[in-house]
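Novice: Kindly generate the corresponding structure for this input.
(one chain, ligands or ions: 1)
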Amino acid sequence: MNTKEIRIPYDEFEGSENLGARVAELIIKAQNAADLAYAPYSGFYVGVAIELIDGQIFTSNNQENKAYPSGLCAERVGLFFVQANYPDIPIKRMVLVAKQNNKLTEEPVYPCGACRQVMVESAERQELPFEVWMAGKNRVLRIDTPDYLLPLKFLL
Ligand SMILES: [Zn+2]
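Specialist: Okay, the predicted model is just below:
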């Protein structure tokens, strides 16, 4: 038996320092999208902004449902929309935020397992990794590829 270790590199930014104008803009767009989420059951309003390689930006949010599994996370709403409409334009980056009680969460929000799987396959599908930014009020995390969020991913 060999004991192995998986290390996940990520960048951490305090507050909104040095994020760059584009990412700061995406964070604001994601927050605006979170305000439009349909989240009457959880009260957890997630917003996503997806920037394509050609500069187009799309936003999404979580869409809940009385029959819980019928709802969908903001990440998958956004990714599926983009891939349904622009399958040939790669995603450059994806920004995630969450709001509770109309306020941005203190800590970054992380995608659920199912969304991680979809994010990994989205990168695989476009044959190009994309950045994932997870923003909270106190700090923002950036990873270079969704693979880092799901190192032992499901493979066919
Ligand atoms: Zn999810």
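Novice: Which strand residues bridge the residue nearest to the spatial centre of the chain?
Specialist: By CA atoms, centre = their mean, the chain has its centre lying nearest to Leu96, at 4.1 Å. As for beta bridges, Leu96 partners with Val48, Met134 under DSSP bridges.
Novice: State whether it and Val140 are indeed in contact, as I suppose.
Specialist: No - with contact defined as CB atoms under 8 Å, Leu96 and Val140 do not form a contacting pair (10.1 Å). Yep, even glycine has a C-beta here, placed from its N, CA and C like the rest.
Novice: Which residues are in contact with each of those two?
Specialist: Counting by CB atoms under 8 Å, 6 or more residues apart in numbering, the contacts common to Leu96 and Val140 are Pro108, Trp133, Met134.
Novice: Neighbour-wise, which one of those residues leads?
Specialist: When neighbours are counted by other CB atoms under 10 Å, Trp133 leads the shared contacts of Leu96 and Val140 with 23 neighbours.
Novice: rewinding a little: name the nearest of the shared contacts of Leu96 and Val140 relative to the ion.
Specialist: Nearest to the ion out of those is Met134 (CB to the ion; 12.4 Å).
Novice: how far away is that closest one from Arg116?
Specialist: For Met134, the distance to Arg116 equals 12 Å [CB to CB, to the nearest Å].
Novice: what residues are up against the closest residue to Glu14 other than its chain neighbours?
Specialist: Distances taken as CB to CB, 6 or more residues apart in numbering put Arg139 closest to Glu14, at 5.6 Å, once the chain neighbours are dropped. Residues in contact with Arg139 (CB under 8 Å, 6+ apart) are Glu12, Phe13, Glu14, Gly15, Glu107, Pro108.
Novice: overlap between those residues and the residues near the ion?
Specialist: Subset of the contacts of Arg139 in contact with the ion: empty, counting by CB under 5 Å from the ion.
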